[in-house]
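K.L.:
predicted model and sequence follow; I will ask about them next.
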Amino acid sequence: MKCEELLKMLNEYVDGTVDPAICEEFEKHMAGCNPCQVVVDNIRKTITLYKAGQPYELPIKFRENLHNALREKWKEKHPAR
Amino acid sequence: MQRLVTPELTDTELVQRAKAGDLAAFEALTTRHERRVYGLAMRMLRHEEDAEDVTQQTFLSVLENLENFRGEASFSTWLLRIATHAALKVIRKRKGLEVVSLEEATEPPDHSEAIPHPEFIADWRQSPEQLVETREIRRLLDEALARLDEKHRIVFLLRDVEGLSIRETAESLGLSEGNTKVRLLRARLQLREQLTQTLGDPATQLVRSPHHQH
(Lines give C-alpha, C1' and ligand atoms only; values in the text may rest on other atoms or scores of the structure.)
Protein backbone atom coordinates (compact mmCIF):
# COMPACT_ATOMS: atom_id res chain seq x y z
CA MET A 1 0.00 0.00 0.00
CA LYS A 2 1.25 3.47 -0.88
CA CYS A 3 0.61 6.71 1.02
CA GLU A 4 -1.88 7.79 -1.67
CA GLU A 5 -3.91 4.61 -1.29
CA LEU A 6 -3.87 5.00 2.45
CA LEU A 7 -5.26 8.52 2.12
CA LYS A 8 -8.19 7.24 0.10
CA MET A 9 -9.07 4.68 2.79
CA LEU A 10 -8.67 7.14 5.65
CA ASN A 11 -12.39 7.63 6.35
CA GLU A 12 -13.07 3.93 6.58
CA TYR A 13 -10.01 3.32 8.75
CA VAL A 14 -10.72 6.15 11.20
CA ASP A 15 -14.41 5.20 11.40
CA GLY A 16 -13.57 1.54 11.91
CA THR A 17 -15.55 0.39 8.88
CA VAL A 18 -12.62 -0.79 6.80
CA ASP A 19 -12.45 -4.35 5.50
CA PRO A 20 -10.21 -6.44 7.86
CA ALA A 21 -7.83 -7.47 5.08
CA ILE A 22 -7.32 -3.85 4.03
CA CYS A 23 -7.03 -2.81 7.66
CA GLU A 24 -4.06 -5.14 8.03
CA GLU A 25 -2.32 -3.62 5.01
CA PHE A 26 -3.15 -0.18 6.28
CA GLU A 27 -1.51 -0.89 9.62
CA LYS A 28 1.49 -2.53 7.99
CA HIS A 29 2.05 0.63 5.95
CA MET A 30 1.66 2.87 8.98
CA ALA A 31 4.14 0.84 11.02
CA GLY A 32 6.82 1.78 8.48
CA CYS A 33 5.62 5.29 7.61
CA ASN A 34 5.86 7.90 10.30
CA PRO A 35 4.16 10.73 8.33
CA CYS A 36 1.06 8.60 7.67
CA GLN A 37 0.98 7.61 11.33
CA VAL A 38 0.99 11.26 12.39
CA VAL A 39 -1.62 12.25 9.78
CA VAL A 40 -3.98 9.54 11.05
CA ASP A 41 -3.36 10.64 14.63
CA ASN A 42 -3.95 14.31 13.69
CA ILE A 43 -7.22 13.40 11.97
CA ARG A 44 -8.48 11.45 14.97
CA LYS A 45 -7.65 14.38 17.25
CA THR A 46 -9.30 16.84 14.87
CA ILE A 47 -12.55 14.85 14.99
CA THR A 48 -12.36 14.39 18.76
CA LEU A 49 -11.83 18.11 19.25
CA TYR A 50 -14.82 19.08 17.13
CA LYS A 51 -17.03 16.48 18.82
CA ALA A 52 -16.05 17.76 22.24
CA GLY A 53 -16.62 21.39 21.29
CA GLN A 54 -18.59 23.56 23.69
CA PRO A 55 -22.25 23.81 22.71
CA TYR A 56 -23.65 27.13 21.62
CA GLU A 57 -25.95 28.64 24.23
CA LEU A 58 -29.18 30.16 22.95
CA PRO A 59 -29.43 33.89 23.63
CA ILE A 60 -31.75 34.17 26.65
CA LYS A 61 -34.22 36.49 24.95
CA PHE A 62 -34.41 34.23 21.92
CA ARG A 63 -34.99 31.14 24.05
CA GLU A 64 -37.90 32.90 25.74
CA ASN A 65 -39.42 33.90 22.39
CA LEU A 66 -38.95 30.41 21.03
CA HIS A 67 -40.78 28.76 23.90
CA ASN A 68 -43.56 31.36 23.78
CA ALA A 69 -44.02 30.78 20.05
CA LEU A 70 -44.15 27.03 20.60
CA ARG A 71 -46.75 27.35 23.38
CA GLU A 72 -48.89 29.57 21.13
CA LYS A 73 -48.70 27.06 18.31
CA TRP A 74 -49.43 24.23 20.72
CA LYS A 75 -52.62 25.98 21.86
CA GLU A 76 -53.74 26.32 18.23
CA LYS A 77 -53.20 22.63 17.68
CA HIS A 78 -54.70 21.51 20.98
CA PRO A 79 -57.63 23.85 21.68
CA ALA A 80 -58.84 23.55 25.27
CA ARG A 81 -62.11 21.68 25.50
CA MET B 1 -53.85 12.30 35.03
CA GLN B 2 -50.62 13.99 33.99
CA ARG B 3 -47.50 12.15 35.10
CA LEU B 4 -44.39 14.12 35.89
CA VAL B 5 -41.91 14.82 33.10
CA THR B 6 -38.51 13.82 34.48
CA PRO B 7 -35.03 14.05 32.96
CA GLU B 8 -34.66 10.26 32.85
CA LEU B 9 -37.36 9.95 30.20
CA THR B 10 -36.01 8.93 26.80
CA ASP B 11 -36.75 10.91 23.65
CA THR B 12 -39.08 8.13 22.52
CA GLU B 13 -41.08 8.35 25.74
CA LEU B 14 -41.26 12.13 25.52
CA VAL B 15 -42.38 11.92 21.89
CA GLN B 16 -45.15 9.49 22.86
CA ARG B 17 -46.36 11.80 25.60
CA ALA B 18 -46.17 14.87 23.38
CA LYS B 19 -48.18 13.04 20.72
CA ALA B 20 -50.76 12.27 23.39
CA GLY B 21 -51.08 15.99 24.08
CA ASP B 22 -48.58 16.58 26.89
CA LEU B 23 -47.12 20.08 26.43
CA ALA B 24 -44.59 19.60 29.23
CA ALA B 25 -43.16 16.61 27.36
CA PHE B 26 -42.86 18.66 24.19
CA GLU B 27 -41.13 21.46 26.06
CA ALA B 28 -38.74 18.99 27.62
CA LEU B 29 -37.85 17.68 24.15
CA THR B 30 -37.26 21.21 22.94
CA THR B 31 -35.10 22.10 25.94
CA ARG B 32 -33.08 18.91 25.49
CA HIS B 33 -32.29 19.50 21.81
CA GLU B 34 -32.47 23.27 21.23
CA ARG B 35 -28.76 23.95 21.78
CA ARG B 36 -27.82 21.24 19.32
CA VAL B 37 -30.13 22.62 16.63
CA TYR B 38 -29.00 26.18 17.30
CA GLY B 39 -25.33 25.13 17.26
CA LEU B 40 -25.72 23.30 13.97
CA ALA B 41 -27.46 26.33 12.46
CA MET B 42 -24.80 28.70 13.81
CA ARG B 43 -22.01 26.60 12.37
CA MET B 44 -23.77 26.18 9.04
CA LEU B 45 -24.85 29.81 8.66
CA ARG B 46 -22.43 31.81 10.85
CA HIS B 47 -25.14 34.36 11.48
CA GLU B 48 -27.01 34.70 14.76
CA GLU B 49 -30.39 35.87 13.50
CA ASP B 50 -30.48 33.31 10.71
CA ALA B 51 -29.60 30.60 13.22
CA GLU B 52 -32.43 31.76 15.48
CA ASP B 53 -34.89 31.70 12.57
CA VAL B 54 -33.80 28.21 11.60
CA THR B 55 -34.08 27.00 15.19
CA GLN B 56 -37.58 28.40 15.57
CA GLN B 57 -38.73 27.06 12.20
CA THR B 58 -37.32 23.66 13.08
CA PHE B 59 -39.22 23.29 16.35
CA LEU B 60 -42.43 24.74 14.89
CA SER B 61 -42.12 22.18 12.13
CA VAL B 62 -41.49 19.41 14.67
CA LEU B 63 -44.64 20.44 16.51
CA GLU B 64 -46.60 20.53 13.26
CA ASN B 65 -45.37 17.14 12.06
CA LEU B 66 -44.87 15.19 15.26
CA GLU B 67 -47.95 13.05 14.62
CA ASN B 68 -46.35 11.87 11.35
CA PHE B 69 -43.08 10.91 13.03
CA ARG B 70 -43.11 7.11 13.06
CA GLY B 71 -39.80 6.53 14.76
CA GLU B 72 -38.03 4.84 11.81
CA ALA B 73 -35.07 7.11 12.56
CA SER B 74 -34.25 8.36 16.04
CA PHE B 75 -35.94 11.58 17.08
CA SER B 76 -32.65 13.49 17.03
CA THR B 77 -31.82 12.30 13.49
CA TRP B 78 -35.27 13.34 12.33
CA LEU B 79 -34.89 16.69 14.08
CA LEU B 80 -31.45 17.35 12.58
CA ARG B 81 -32.78 16.52 9.14
CA ILE B 82 -35.51 19.16 9.53
CA ALA B 83 -32.95 21.67 10.82
CA THR B 84 -30.56 20.91 7.95
CA HIS B 85 -33.30 21.47 5.38
CA ALA B 86 -34.25 24.77 6.98
CA ALA B 87 -30.61 25.90 7.02
CA LEU B 88 -30.04 24.81 3.41
CA LYS B 89 -33.06 26.88 2.43
CA VAL B 90 -31.39 29.96 3.95
CA ILE B 91 -28.15 29.16 2.13
CA ARG B 92 -29.94 28.77 -1.20
CA LYS B 93 -31.80 31.99 -0.67
CA ARG B 94 -28.54 33.81 0.01
CA LYS B 95 -27.21 32.49 -3.25
CA GLY B 96 -30.37 33.45 -5.11
CA LEU B 97 -31.06 29.86 -6.09
CA GLU B 98 -34.60 29.52 -4.75
CA VAL B 99 -35.84 27.64 -7.80
CA VAL B 100 -32.99 25.14 -7.93
CA SER B 101 -33.72 21.78 -6.32
CA LEU B 102 -31.74 20.59 -3.33
CA GLU B 103 -29.96 17.93 -5.39
CA GLU B 104 -28.81 20.40 -8.02
CA ALA B 105 -27.74 22.94 -5.44
CA THR B 106 -25.71 20.48 -3.43
CA GLU B 107 -24.46 17.86 -5.84
CA PRO B 108 -22.03 18.98 -8.48
CA PRO B 109 -19.93 15.98 -9.51
CA ASP B 110 -17.06 15.35 -7.13
CA HIS B 111 -15.10 12.60 -8.87
CA SER B 112 -12.80 15.04 -10.64
CA GLU B 113 -11.62 16.55 -7.38
CA ALA B 114 -8.22 15.32 -6.25
CA ILE B 115 -7.71 14.51 -2.60
CA PRO B 116 -5.58 17.23 -1.00
CA HIS B 117 -2.17 16.07 0.14
CA PRO B 118 -1.13 16.62 3.75
CA GLU B 119 1.41 19.43 3.84
CA PHE B 120 2.23 20.22 7.44
CA ILE B 121 2.66 16.99 9.37
CA ALA B 122 3.56 17.26 13.05
CA ASP B 123 2.45 16.00 16.44
CA TRP B 124 0.18 18.31 18.35
CA ARG B 125 1.59 20.06 21.38
CA GLN B 126 -1.48 19.30 23.48
CA SER B 127 -4.11 16.56 23.64
CA PRO B 128 -7.69 17.28 22.56
CA GLU B 129 -8.72 16.92 26.22
CA GLN B 130 -6.34 19.72 27.23
CA LEU B 131 -7.26 21.83 24.23
CA VAL B 132 -10.99 21.77 24.97
CA GLU B 133 -10.19 23.59 28.19
CA THR B 134 -8.38 26.46 26.46
CA ARG B 135 -10.29 29.64 25.81
CA GLU B 136 -9.13 30.30 22.26
CA ILE B 137 -10.04 26.88 20.94
CA ARG B 138 -13.67 27.64 20.01
CA ARG B 139 -12.54 30.50 17.78
CA LEU B 140 -9.83 28.42 16.17
CA LEU B 141 -12.27 25.59 15.42
CA ASP B 142 -14.92 27.94 14.05
CA GLU B 143 -12.44 29.80 11.88
CA ALA B 144 -11.08 26.58 10.42
CA LEU B 145 -14.63 25.41 9.66
CA ALA B 146 -15.50 28.76 8.09
CA ARG B 147 -12.63 28.40 5.66
CA LEU B 148 -14.04 25.16 4.23
CA ASP B 149 -16.28 25.13 1.18
CA GLU B 150 -19.91 25.06 2.25
CA LYS B 151 -20.50 21.62 0.76
CA HIS B 152 -17.60 20.15 2.70
CA ARG B 153 -18.46 21.95 5.90
CA ILE B 154 -22.06 20.74 6.01
CA VAL B 155 -21.07 17.10 5.53
CA PHE B 156 -18.45 17.37 8.29
CA LEU B 157 -20.92 19.00 10.67
CA LEU B 158 -23.58 16.34 10.21
CA ARG B 159 -21.24 13.35 10.19
CA ASP B 160 -18.53 14.27 12.68
CA VAL B 161 -20.00 16.95 14.93
CA GLU B 162 -23.59 15.64 15.09
CA GLY B 163 -22.65 11.99 14.72
CA LEU B 164 -25.01 10.99 11.92
CA SER B 165 -24.01 7.94 9.87
CA ILE B 166 -22.78 8.34 6.29
CA ARG B 167 -26.16 7.10 5.05
CA GLU B 168 -28.12 9.52 7.27
CA THR B 169 -25.87 12.41 6.24
CA ALA B 170 -26.31 11.52 2.56
CA GLU B 171 -30.10 11.28 2.96
CA SER B 172 -30.34 14.56 4.85
CA LEU B 173 -28.51 16.38 2.08
CA GLY B 174 -29.95 14.51 -0.90
CA LEU B 175 -26.46 13.32 -1.83
CA SER B 176 -25.12 9.95 -2.91
CA GLU B 177 -23.13 8.09 -0.26
CA GLY B 178 -20.10 8.18 -2.55
CA ASN B 179 -20.11 11.96 -2.82
CA THR B 180 -20.76 12.26 0.91
CA LYS B 181 -17.65 10.22 1.66
CA VAL B 182 -15.46 12.22 -0.73
CA ARG B 183 -16.64 15.48 0.81
CA LEU B 184 -16.08 14.16 4.31
CA LEU B 185 -12.54 13.11 3.47
CA ARG B 186 -11.73 16.52 1.99
CA ALA B 187 -13.22 18.27 5.01
CA ARG B 188 -11.28 16.14 7.48
CA LEU B 189 -8.00 16.58 5.62
CA GLN B 190 -8.43 20.33 5.28
CA LEU B 191 -9.34 20.77 8.93
CA ARG B 192 -6.40 18.60 9.95
CA GLU B 193 -4.12 20.78 7.86
CA GLN B 194 -5.39 24.02 9.35
CA LEU B 195 -5.45 22.87 12.95
CA THR B 196 -2.01 21.30 12.70
CA GLN B 197 -0.61 24.60 11.37
CA THR B 198 -1.63 26.16 14.68
CA LEU B 199 -1.53 23.25 17.12
CA GLY B 200 1.34 21.24 15.68
CA ASP B 201 4.76 21.24 17.28
CA PRO B 202 7.24 22.42 14.60
CA ALA B 203 9.99 20.49 16.39
CA THR B 204 8.25 17.24 15.44
CA GLN B 205 7.49 18.22 11.86
CA LEU B 206 7.89 15.38 9.36
CA VAL B 207 8.49 15.56 5.65
CA ARG B 208 6.78 13.02 3.48
CA SER B 209 9.23 11.66 0.95
CA PRO B 210 7.77 12.08 -2.54
CA HIS B 211 8.46 8.51 -3.64
CA HIS B 212 7.61 6.74 -0.46
CA GLN B 213 6.36 3.23 -1.14
CA HIS B 214 5.90 0.02 0.78
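P.N.:
Looks like it came in fine. Numbers count the residues shown, from 1 in each chain, chains lettered A, B, ... in the order given.
K.L.:
so does stretch B:188-208 get close to chain A?
P.N.:
Yes. Counting by Cβ under 8 Å from any Cβ of the partner chain, contacts between stretch B:188-208 and chain A involve B:188, B:189, B:191, B:192, B:195, B:196, B:200, B:204, B:206, B:207, B:208. C-beta here means a position set from N, CA and C on the backbone, and glycine is covered the same way.
K.L.:
and the third one, backbone torsions?
P.N.:
Meaning residue B:191. Backbone torsions for residue B:191, taken as degrees, to the nearest 10, come to phi -70, psi -40.
K.L.:
distance check, it against residue B:53.
P.N.:
27 Å (Cβ to Cβ, to the nearest Å).
K.L.:
got it, and the first one?
P.N.:
Look at residue B:188 and residue B:53: by Cβ to Cβ, they are 30 Å apart.
K.L.:
check the fourth one too.
P.N.:
Counting by Cβ to Cβ, the gap between residue B:192 and residue B:53 amounts to 33 Å.
K.L.:
now for residue B:29: which residues touch it?
P.N.:
Residues in contact with residue B:29 (Cβ atoms under 8 Å, 6 or more residues apart in numbering or on different chains) are B:11, B:14, B:15, B:18, B:62, B:75.
K.L.:
how many neighbours does residue 15 have?
P.N.:
This is for chain A. Other residues within reach of residue A:15, judged by other Cβ atoms under 10 Å in any protein chain shown, total 15.
K.L.:
could you do chain B instead?
P.N.:
Other residues close to residue B:15 by other Cβ under 10 Å number 20.
K.L.:
SS state for it?
P.N.:
helix (DSSP: H, G, I helix; E, B strand; the rest coil).
K.L.:
close enough to count as contact, it and residue B:75?
P.N.:
Yes. Taking contacts as Cβ atoms under 8 Å, residue B:15 lies within contact range of residue B:75: 5.6 Å.
K.L.:
need the residues touching each of these two.
P.N.:
With Cβ under 8 Å, 6+ apart, residue B:15 and residue B:75 have common neighbours B:29, B:69.
K.L.:
can you check the pLDDT for residue B:114?
P.N.:
At residue B:114, the pLDDT value in this model is 73.
K.L.:
shouldn't it be within a helix?
P.N.:
No. Counting by three-state DSSP, residue B:114 is not found in a helix; it is coil.
K.L.:
got the residue ranges for the helices in chain A?
P.N.:
A:3-8, A:10-14, A:20-31, A:34-51, A:60-77 (DSSP state H).
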